[in-house]
Each structure stands twice: as C-alpha cells, then as structure tokens.
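In: Need coordinates for the below:
(chains A and B)
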There are 2 protein chains.
Amino acid sequence: MENEIKRIDRKLEFQGTILDFYTDYMQMPDGKVVKWDFVAHRKGAAAVVPVMEDGTILMVHQYRNALDRMTIEIPAGARDDVCEDTKICAARELEEETGYRPGRMDFLITLKSAVAYNNEFIDVYVARDLQPGTQHLDRYEFIELEVLPLETLCTRIYAGEIQDAKTVAAIMAYKNKYESAGS
Amino acid sequence: MENEIKRIDRKLEFQGTILDFYTDYMQMPDGKVVKWDFVAHRKGAAAVVPVMEDGTILMVHQYRNALDRMTIEIPAGARDDVCEDTKICAARELEEETGYRPGRMDFLITLKSAVAYNNEFIDVYVARDLQPGTQHLDRYEFIELEVLPLETLCTRIYAGEIQDAKTVAAIMAYKNKYESAGS
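Out: Predicted structure coming up:
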C-alpha cells in the first residue's frame, strides 16, 4: 500500500528553534500532486513515570505557552542531541526537573506525538528507587512538583483535567501493566 | 506562575495546509526575550475506539508520510470546521474510514498532542452498537481494516508495534475504564 502514495519532493519552509516546517509534495495514484504539511522534530524526546516508594507518582506543573495555561505532566524533555540514549535523557530530565535520581529505570512505551504530520517520538520509562537530590532547572524553566496517587491521576484524566497525550498514555499504560491486578 | 513568562509577540512564519507555524517571542522574568516555536492546528480533531459486539476493537492501517511507514491506529480525523461537534466528527470519521455507523457514542478522554509547541486537541469517544454500512474514503485516503482483541492491542503497544500517541492513550484509557475489572 505504501506504493500508492509517493513523496516526490520535500521543501523546507521554515527553520524554527527545535522544529523544522516542510511542505511535502505527494504524488497520488492518479498522478495528481498535492501538498502535505510535515513538521520535523530535530531531537526526539524522553519522558518518565516517577514512582515513589509508596506508589504515588511525582508530577510536574508548568506553564505551557502553546495552550496558554498550566499543565500537569510527567517529567519529560528533548534529547541533548540525536545520539543521546533516551534512557539517559529520561533520567537526566527527571533529575533536572524534580531533583530525584532514579535507582532503576524500566522501558514502558514509545509514542509518536502526531503521526499525521510530525515525526517526534517520545520513549517513556518507569523510574523507581528514587533518591532525593537537588532540582536544577534550566534557566527559563519554572516547575512545581506534586505527588499524586495513581487513582487520582486516572480520575483527573477521565475528568479532562489532565490532557497531555504523553502523560495520559504513560499513566494509563503504567496502570495497566503494573497496577491492574491490584485495583 | 503564568506571570513569570510572558508572550510579547507571535509572528506567522509559514501557513501550511492544515498547520500554521509561528515564532513566539517570550519575555523571561529577567527581561530577556527568547524565541519559541508554536504550531497551530487550524481545526482540532476527534478519534474513536470502535468496539465490536464481541469486545474486539476495529483498527485502521494506513501509510503515514511523517513516519515513512504504515501504522495501526484508531479511526480519527480533523474536524470539517472549527464549529463541528467532535462527537459528530468522530462518528463521521468512523463511518468514512470503516463503513460502520455507531449506535452509541460515549466520551472517553481529551488529548493535547504535543503541549510543548502545538495546540492540537483530539476528543476521543467510544463507539458501540456498530452497524455495518459502506466505507467512503476521501479521494486520497487508503485504509485497510483489522479487528483485534483488546489484549492483543495492549501486547502490541508494550512491544512497540503500536506507537501513535492518541491510539496508545485511547486504548489504555478504554481498558482501564471498561475492562480492568474483568482482566
């Protein structure tokens, strides 16, 4: 089926800070060429579900300009460069944003943020055996921490209070994998 | 906390087919102005978890140019316009992509695709009492259908074979809400 639609050109329209915007010229099976948007994320990203000793989850509150409001999310961030291992990136972002260092990191899921037009991926890990350290945020990063029970997070997701796709996918995938039997 | 970072300008850099790319000029608490990418999705979207009578889920396979490969996803699509009710959009996309008309639609979750730079939202519904009809794809839409058990979908998500964020979030949220007790 891949052969039915063919990309015949990709033109860079604008180079952003972390994203590049392209127009893809797609040839359809009838020969007609149409334009599709393509957003390239330069680095890829990692995220982490940080599980405290009592089973509660460490979440971050931050202002998100794209939504013009605060969000509740799992810790996450872009890789320093395309060669950075996502497990190392996830542990680094966890420590930078929360001050906690993970004793153990297990792979949970990989996400593609918006497959219709974007190539960004996010590898999600579960962090355990958390050791408190020192939060060291980026110069222009402003984050508040909150520890919440898993059931509260699920309730808030179904209530529409938590909508960030990586957070919803990660929390629900974590619950199904590790907590369903006990719920 | 919202007041610590302030957007002082938003400049349209490129107008795509469904996305607009902006540079946001953000004033930091120390007065310095930095540039952030902002991608505006013009329409918003809806998606649907279509549940067959036997509990299996109706999935769509399609070629995704942004990833250069086929994906397995739940049916979804952009709204016809910003006034379209997402429940109507979800039912419409379900019928267009699969030929099935839902007898019942229940709201499941709302997702924001990529909160760091994108304002796209996706309202996700659960469709039941599906009545077979006629698939009527858009002219340049090529989709194959597959019905899969929920457990198979979860296994394939954890194996990294299904990565689309809306699909992972929706399937996991559906399982937690409706199937956990019986699993």
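
In: okay, CA-based contacts and neighbour counts for the rest of this
Out: Will do.

In: which stretches of chain A have low pLDDT?
Out: A:1-3, A:181-183 (pLDDT under 70).

In: for chain A, which helix is longest?
Out: helix A:86-98 (DSSP state H).

In: Check the offset of it from the chain's centre.
Out: The chain centre lies 12 Å from the centre of helix A:86-98; the measure is C-alpha atoms, centre = their mean, to the nearest Å.

In: before we move on, what about stretch A:126-139?
Out: How far stretch A:126-139 lies from its chain's middle: 17 Å, per C-alpha atoms, centre = their mean.

In: what about residue A:116, distance to residue B:146?
Out: Using C-alpha to C-alpha, to the nearest Å, residue A:116 is found at 20 Å from residue B:146.

In: Surely residue A:177 forms part of a strand?
Out: No - if the criterion is DSSP: H, G, I helix; E, B strand; the rest coil, then residue A:177 is helix and not within a strand.

In: Could you check which of residue A:116 and residue B:146 has the larger neighbour count?
Out: Between residue A:116 and residue B:146, residue A:116 has the larger neighbour count (other C-alpha atoms under 10 Å in any protein chain shown), namely 18 against 13.

In: these two touch, right, that one and residue B:65?
Out: Yes - if you go by C-alpha atoms under 8 Å, residue A:116 and residue B:65 touch, sitting 7.5 Å apart.

In: With adjacent residues omitted, what lies nearest to whichever residue of chain A sits closest to chain B?
Out: Among the residues of chain A, residue A:169 lies closest to chain B, at 3.9 Å counting by C-alpha to the nearest C-alpha. Spatial nearest neighbour of residue A:169, excluding adjacent residues (C-alpha to C-alpha, 6 or more residues apart in numbering or on different chains): residue B:169 at 3.9 Å.

In: quick one: the helix or strand containing that neighbour to helix A:165-174, angle?
Out: Assigned by DSSP states H and E, residue B:169 belongs to helix B:165-174. Note on geometry: by axes from the mean of the first three to the mean of the last three C-alpha atoms, to 10 degrees, helix B:165-174 and helix A:165-174 are set 40 degrees apart in direction.

In: List of residues touching helix B:165-174?
Out: If you take C-alpha atoms under 8 Å, 6 or more residues apart in numbering or on different chains as the criterion, helix B:165-174 is touched by A:111-114, A:165-166, A:168-170, A:172-173, A:176, B:47, B:49, B:73-74, B:108-109, B:111, B:113, B:122, B:124, B:126, B:150, B:153-154, B:157, B:162.

In: to the chain's geometric centre, what's the distance from stretch A:69-86?
Out: Going by C-alpha atoms, centre = their mean, where stretch A:69-86 is centred and where its chain is centred differ by 6 Å.

In: Same check on stretch A:161-180?
Out: Centre-to-centre, stretch A:161-180 and its host chain are 12 Å apart (C-alpha atoms, centre = their mean).

In: So is the longest helix of chain A next to chain B?
Out: No - remark: helix A:86-98 sits outside contact range of chain B, by C-alpha under 8 Å from any C-alpha of the partner chain, the gap being at least 14.6 Å.
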